[in-house]
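**Q** quick one, fold the following:
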Amino acid sequence: MSGNRWDQPGVPHKGWQCVDVVDLRADGESADDTDYATCQMCGNEKIRYVHVMEHPDLDENFDVGCVCAEKMSGDYEGPRRREAKLRNRAARRTRWLQRKWRVSAKGNSFLNIDGHNLGVHMNKFKRWGYRIGSRFSAKTYATKDEAKLALFDDFWAATQDDDRLWASD
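**A** Here you go, the predicted model:
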């Protein structure tokens, strides 16, 4: 349901909690191809970052934009911080392939990031894998770039809260 629910009786204005934030733009997708959401609280029709809000008095969650999430939760920093983290991840992932990858003696591309040695390699079946330190990916990929992006996703998941790793990229 869209439209303005701020004026609708029975819809609480306060006491909401954010349970998730979702970036609707798939990795590598253009702005024109993105399926944006509509804020279920104010009706704004072009929301990329959806804040999923729950309230103890309601059975359904509301998908809303950042400003409505702030008002509903009474938290005027958390929603912006969570959204900024998703924006940063998307921007960093876009730049990941353009980083200065070095080449090892064996011909494999690698990066050293604050003590973490990250690399991609081709296996005997001409498929690509990656490693973080001595931990190798379980899955293989058709291209080197696919392996590099999977490496980013894995490394980001493990280190996203370590600001010093991501400060200079």
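**Q** in the strand or helix carrying Arg80, what's buried?
**A** Assigned by DSSP states H and E, Arg80 falls within helix 78-96. The neighbour-count check on helix 78-96 (16 or more other Cβ atoms under 10 Å) flags 78-79, 82-83, 89-90, 96 as buried. Every residue, glycine included, has its C-beta placed from N, CA and C.
**Q** which one among those gets closest to Met41?
**A** The nearest member of the buried residues of helix 78-96 to Met41, counting by Cβ to Cβ, is Pro79 at 12.4 Å.
**Q** how about the contacts made by the closest one?
**A** Counting by Cβ atoms under 8 Å, 6 or more residues apart in numbering, Pro79 makes contact with 18, 21, 51, 66, 69-70, 73.
**Q** and those as a markdown table, adding secondary structure and distance to Gly107?
**A** Converted to a markdown table, the contacts of Pro79 look like this (DSSP: H, G, I helix; E, B strand; the rest coil; distance: Cβ to Cβ, whole Å):
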| residue | secondary structure | distance to Gly107 |
| --- | --- | --- |
| Cys18 | strand | 46 |
| Val21 | strand | 40 |
| His51 | strand | 45 |
| Cys66 | helix | 45 |
| Ala69 | helix | 48 |
| Glu70 | helix | 50 |
| Ser73 | helix | 51 |
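**Q** just the buried subset of the residues you listed, written out for PyMOL, thanks.
**A** Here is the PyMOL command that selects the buried residues among the contacts of Pro79 (16+ other Cβ under 10 Å):
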select buried, resi 18+21+51+66+69+70+73
